[in-house]
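Enquirer: I would like to see how this sequence folds:
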Amino acid sequence: MPMRRIGYRDPETGKVLVFLANNFTVLALTITQLYRGRWQIELFFKWIKQHLRIKAFYGTSPNAVRVQIWTANVATAQQTVTACRLILENTNYRQHPHCPQRTTSPGCLWHEGQTTHK
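Expert: Okay, here's the model as predicted:
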């Protein structure tokens, strides 16, 4: 099978990238843009697997993948909120590094509904 070698210098990083393609009708720049888009998708799924703790997708349809991502996102958000509340309940949260109002105001936006620090 004949292959086409395409060289490209990334203007952002200066790196030279080389691609192999078997499509001779599409412009070289279009092929490099397709590879760049594909790489962004790969990075997105890598981030999802690392941060949302998804090891595998159980479905192959777009809806199945979407539902699994949203479910993992909600579970991660719940876990984060619960962990933060536990930390804040067991510490002087005015000194907690994530408290955005820790030194300037008696109200703490980090701790919902509270108007004074403990």
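
Enquirer: Can you give me the buried ones in the lowest-mean-pLDDT helix or strand in the chain?
Expert: Lowest on mean pLDDT, DSSP states H and E among the helices and strands of the chain sits helix 62-89, with a mean of 86. Neighbour-count burial for helix 62-89 flags 65, 68, 72, 84, 88 (criterion: 16 or more other C-beta atoms under 10 Å). The way it works is simple: take the backbone N, C-alpha and C, and place the C-beta from them, glycine included.

Enquirer: C-alpha coordinates for the helix or strand containing residue 50, CSV please?
Expert: Secondary-structure element containing residue 50, defined by DSSP states H and E: helix 28-51. Coordinates of the C-alpha atoms in helix 28-51 are reproduced here as CSV (Å, rounded to 0.1, in the frame of the first residue of the first chain):
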residue,chain,number,x,y,z
ALA,A,28,-1.3,18.0,4.0
LEU,A,29,-2.4,20.8,6.4
THR,A,30,-5.9,19.2,6.6
ILE,A,31,-4.3,15.9,7.7
THR,A,32,-2.2,17.6,10.3
GLN,A,33,-5.3,19.4,11.6
LEU,A,34,-7.1,16.0,11.8
TYR,A,35,-4.3,14.5,13.8
ARG,A,36,-4.2,17.5,16.1
GLY,A,37,-8.0,17.1,16.7
ARG,A,38,-7.5,13.4,17.4
TRP,A,39,-4.7,14.1,19.8
GLN,A,40,-7.0,16.5,21.8
ILE,A,41,-9.6,13.8,22.0
GLU,A,42,-7.0,11.3,23.3
LEU,A,43,-5.8,13.9,25.9
PHE,A,44,-9.5,14.4,27.0
PHE,A,45,-10.1,10.7,27.5
LYS,A,46,-6.8,10.4,29.4
TRP,A,47,-7.9,13.2,31.7
ILE,A,48,-11.3,11.6,32.2
LYS,A,49,-9.7,8.2,33.1
GLN,A,50,-7.3,9.8,35.5
HIS,A,51,-9.6,12.3,37.3
